[in-house]
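Novice: 3D, please:
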Amino acid sequence: AAAAVRASVWTSAASFATWMLTAAASRASVASAVVGALGHPVPVASALVVATPAAAPAAATARTSTTWSGRLIRQASRSGRRTRREAADAPAVFPAQHGHREMGSAVSDAPWDLLVIGGGTAGLVAAYTGVSLGARTALVERERTGGDCLWTGCLPSMALLHAAGAVHGARAAAPFLSPGSAAHEPFAVDMQAVMAHVRRAITTIEPVDSPEALRQAGAAVLTGEATFTGPSTVTVDGRTQTFERAVVAVGASPTVPPIPGIEEATVWTSASVWDVSTLPDRLLVIGGGPVGCEMSQAFARLGSSVTLVEQAHRLLPREDADAARVVLDALRADGVDVRLGHTVSKVVPDLAGAGQAVLSGPRGDEKCSYGAVLVATGRTPRTAGLGLDRAGVQLTPSGAIGVTSAGRTTNPAVWAAGDVTPSLHLTHLAAAEAASAASNALLGLRRSVDPMTVPRVTYTDPEVAAVGVSTDGDRLPDGVRVVTRHHDHVDRAI
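Specialist: So this is what the prediction gives:
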């Protein structure tokens, strides 16, 4: 009978991963590994069932906490062959609850089974995936774990939108209150209190993404700048680290377009807007994608006079055109001055950082006063300074790491996932790609992630949620029919 190893790893309710490894007695090759991840696959409990020869100790079939060095993973990915004796003698491949602290040791000079560079969403998922598969795993992060989603993206954005929604709701409540009540009086927003709310939200989630959580799970955390020095080596703070497999997940940074005069202006991006302590009287937002729309609505509801400039003739170009029009109407209802088909051709700041911008559109140029400028025009992969050329990793013309559908780079030992690749910059997509890349790297698989199966949301009010193929006529696949249902005549939606 074939010797089989099965492991089920239960994770949190919001995120789970299921792993199955089958080893045939004659070949002991890894047949498949199915991984599904919507977030961090952090094991909170694990049970092991092992079918062993009759002479094997009974304890081998029970719950176990045996630490495994990752030898099976490396051998399976290299040759896919082992003998019956090796398969029977191999220790348990999955750690018990919370992994093992000794697996998180960075003292040994032995090569890492999996070295993950970058501690954002993709990096964290890749590291937890490696640990869950029993690999000796290390994660390198130069600043703070958690990445953009925790510190400058998803979480602070949602907290700011929540605060702005509360202010909007308070104003909207005035017609339903008695004359003379507080809501009828003009009131000012305490921006410091708003940002304190944002920081509390970050502080609440921070421990989940912390180095301590990684170490508790069994991964080592190396702090410093990682630079490739060869196909299987990197330096971290002057110390050489060798790896069998690596996953690069360093993410991307906001891009500031080369507009004349913008370098002298007070410019915010999605990374720096969270340092704001006072609400600007007038805010100029450049870019009509998800970030631009969300921030425009948030600051308008908090009390700023907002002008949103988008060079295309619609907002949210990735989304359904009807949905984009709903968002356009909502922004204008909140007082946002939306300029479609316009560009910012020049910025003329004054000594205080405020000033005027020249907007160019179909009717010529016009001036727009601003107190601050928020740029939301895209992101650039953080590949500079990584030494990828020394590792034999090629970049795309846009500076992203080129990968196959399985996440592999031009170096057969290096994979990449998330915003550093040419894929869509979506947190859940980065997580799915990281889980796939790490398991592919360790198990020798070629699984891929279809971005069309990963949902996405723009958190305006109303929100726009989408999954699957595009519904726009010019991008509609052959044989697909679009059916639209409006809520205009649904009583419960009025």
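Novice: show me what counts as buried in stretch 301-318.
Specialist: Within stretch 301-318, the residues that count as buried by 16 or more other C-beta atoms under 10 Å are 301-311, 315-316. To be clear about C-beta, it is placed using only N, CA and C from the backbone, and glycine gets the same treatment.
Novice: quick one: which two of those residues are the most distant?
Specialist: Pairwise distances across the buried residues of stretch 301-318 (C-beta to C-beta) peak at 27.2 Å, for the pair 303 and 311.
Novice: just to revisit the earlier point, residue 143: which of the buried residues of stretch 301-318 is nearest?
Specialist: For residue 143, the nearest member of the buried residues of stretch 301-318 is residue 302. The distance, counting by C-beta to C-beta, is 28.5 Å.
Novice: isn't the closest one up against residue 190?
Specialist: No - counting by C-beta atoms under 8 Å, residue 190 is not a contact partner of residue 302; they are 10.0 Å apart.
Novice: quick check: residue 286 vs residue 327, distance?
Specialist: Relative to residue 327, residue 286 is positioned 17 Å away (C-beta to C-beta, to the nearest Å).
Novice: actually residue 163, not the one I wrote
Specialist: Relative to residue 327, residue 163 is positioned 20 Å away (criterion: C-beta to C-beta).
Novice: so those two - more neighbours on which side?
Specialist: More neighbours surround residue 327 than the other of residue 163 and residue 327, with 26 against 22 (other C-beta atoms under 10 Å).
Novice: still on that earlier bit, among the buried residues of stretch 301-318, which lie within helices?
Specialist: Within the buried residues of stretch 301-318, residues falling in helices by DSSP state H are 301-302.
Novice: so which residue is smack in the middle of this protein?
Specialist: Taking C-alpha atoms, centre = their mean as the criterion, residue 427 is the residue nearest the geometric centre of the chain, at 2.8 Å.
Novice: could you spell out the sheet neighbours of the longest strand seen in the chain, each with its direction?
Specialist: The single longest strand within the chain, with elements called by DSSP state E, is strand 239-248. Within its sheet, strand 239-248 is paired with strand 112-117 (parallel), strand 233-236 (antiparallel), strand 414-416 (parallel), according to DSSP bridges.
Novice: now it: average pLDDT?
Specialist: Here the mean pLDDT over strand 239-248 is 97, rounded to a whole number.
Novice: check which element follows that strand along the chain.
Specialist: With elements assigned by DSSP states H and E, the helix or strand that comes after strand 239-248 is strand 252-254.
Novice: is the residue nearest to residue 379 when sequence neighbours are not counted in a bridge, and if so with what?
Specialist: Nearest residue to residue 379, sequence neighbours excluded (C-beta to C-beta, 6 or more residues apart in numbering): residue 252, at 3.9 Å. Here residue 252 shows beta-bridge partners residue 381, assigned using DSSP bridges.
Novice: quick check, pLDDT for residue 252.
Specialist: In this prediction, residue 252 carries a pLDDT score of 97.
Novice: swap in the one 3 residues further on?
Specialist: pLDDT recorded at residue 255 is 96.
Novice: count the neighbours of it for me.
Specialist: Around residue 255 sit 14 other residues, with neighbours defined as other C-beta under 10 Å.
Novice: ok, it - contacts?
Specialist: Remark: with contacts taken as C-beta atoms under 8 Å, 6 or more residues apart in numbering, residue 255 is in contact with 375, 377-380.
Novice: got a quick ChimeraX command for the buried subset of these?
Specialist: Here is the ChimeraX selection string for the buried members of the contacts of residue 255, based on 16+ other C-beta under 10 Å:
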select :375,377,379,380
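Novice: show me the contacts of residue 255 that map onto strands.
Specialist: Judged by DSSP E, strands contain the following of the contacts of residue 255: 375, 379-380.
Novice: quick one: which of the residues you listed is nearest to residue 228?
Specialist: Within the ones in strands among the contacts of residue 255, proximity to residue 228 (C-beta to C-beta) peaks at residue 380, which comes in at 19.3 Å.
Novice: correct me if wrong: that closest one contacts residue 253.
Specialist: Yes - contact status for residue 380 versus residue 253: in contact at 5.6 Å, counting by C-beta under 8 Å.
Novice: can you pull the contacts of the residue nearest to residue 379?
Specialist: Contacts of residue 252 (C-beta under 8 Å, 6+ apart): 379-382, 419-420, 425.
Novice: in the stretch 201-350 of the chain, which spans are strands?
Specialist: Taking DSSP state E, counting those that start in this stretch as the criterion, the stretch 201-350 of the chain carries its strands at 220-223, 226-230, 233-236, 239-248, 252-254, 267-268, 282-286, 305-310, 337-340, 343-349.
Novice: what's the closest of the ones you listed to residue 473?
Specialist: That would be strand 337-340 among these, by C-beta to C-beta, at 19.5 Å.
Novice: that closest one pairs with which strands?
Specialist: Taking DSSP bridges as the criterion, strand 337-340 pairs within the sheet with strand 305-310 (parallel).
Novice: list of residues touching the partner strand?
Specialist: 281-288, 292-293, 296, 299-300, 331, 335-344, 359, 368, 370.
Novice: and which of the contacts of residue 252 is nearest to residue 445?
Specialist: Within the contacts of residue 252, the smallest distance to residue 445 is 21.0 Å, found for residue 420 (C-beta to C-beta).
Novice: what about the closest one, how many residues nearby?
Specialist: Counted with other C-beta under 10 Å, residues neighbouring residue 420 total 29.
Novice: for residue 194, which non-adjacent residue is closest in space?
Specialist: What sits nearest to residue 194 in space, not counting adjacent residues and going by C-beta to C-beta, 6+ apart, is residue 163, at 4.7 Å.
Novice: for the helix ranked longest in the chain, packing partners?
Specialist: Across the chain, the helix with the greatest residue count (assigned by DSSP H) is helix 154-172. Packed against helix 154-172, as judged by 3 or more C-beta pairs under 8 Å, 6 or more residues apart in numbering; DSSP states H and E, are the following elements: helix 191-205, helix 290-302.
Novice: what's the angle between the first one and helix 154-172?
Specialist: It stands for helix 191-205. Orientation of helix 191-205 against helix 154-172 (axes from the mean of the first three to the mean of the last three C-alpha atoms, to 10 degrees) gives an angle of 140 degrees.
Novice: before we move on, back to that, can I get the ones in strands among the contacts of residue 255 in TSV with pLDDT and distance to residue 157?
Specialist: Formatted as TSV, the entries for the ones in strands among the contacts of residue 255 read as follows, by pLDDT from 0 to 100; distance: C-beta to C-beta, whole Å:
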residue	pLDDT	distance to residue 157
375	98	15
379	96	14
380	96	20
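Novice: which member of those is positioned nearest residue 174?
Specialist: Distances from residue 174 to these, taken as C-beta to C-beta, are shortest for residue 375 (34.5 Å).
Novice: what sits against the closest one?
Specialist: Contacts for residue 375 were tallied using C-beta under 8 Å, 6+ apart; they are 254-257, 262, 267-269, 286-287.
Novice: now those: which count as buried?
Specialist: Neighbour-count burial (16+ other C-beta under 10 Å) is assigned, among the contacts of residue 375, to 254, 256, 262, 267-269, 286-287.
Novice: coming back round to it: take the contacts of residue 375 and lay them out in TSV including distance to residue 210.
Specialist: What follows is the contacts of residue 375, written out as TSV (distance: C-beta to C-beta, whole Å):
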residue	distance to residue 210
254	24
255	29
256	30
257	35
262	36
267	31
268	27
269	25
286	34
287	32
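Novice: buried ones only from the contacts of strand 305-310, please, as a PyMOL command.
Specialist: If you want just the buried ones from the contacts of strand 305-310 in PyMOL, going by 16+ other C-beta under 10 Å, the selection is:
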select buried, resi 282+283+284+285+286+287+288+292+293+296+299+300+331+336+337+338+339+340+342+343+344+359+368+370
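Novice: thanks again, I'm all set now.
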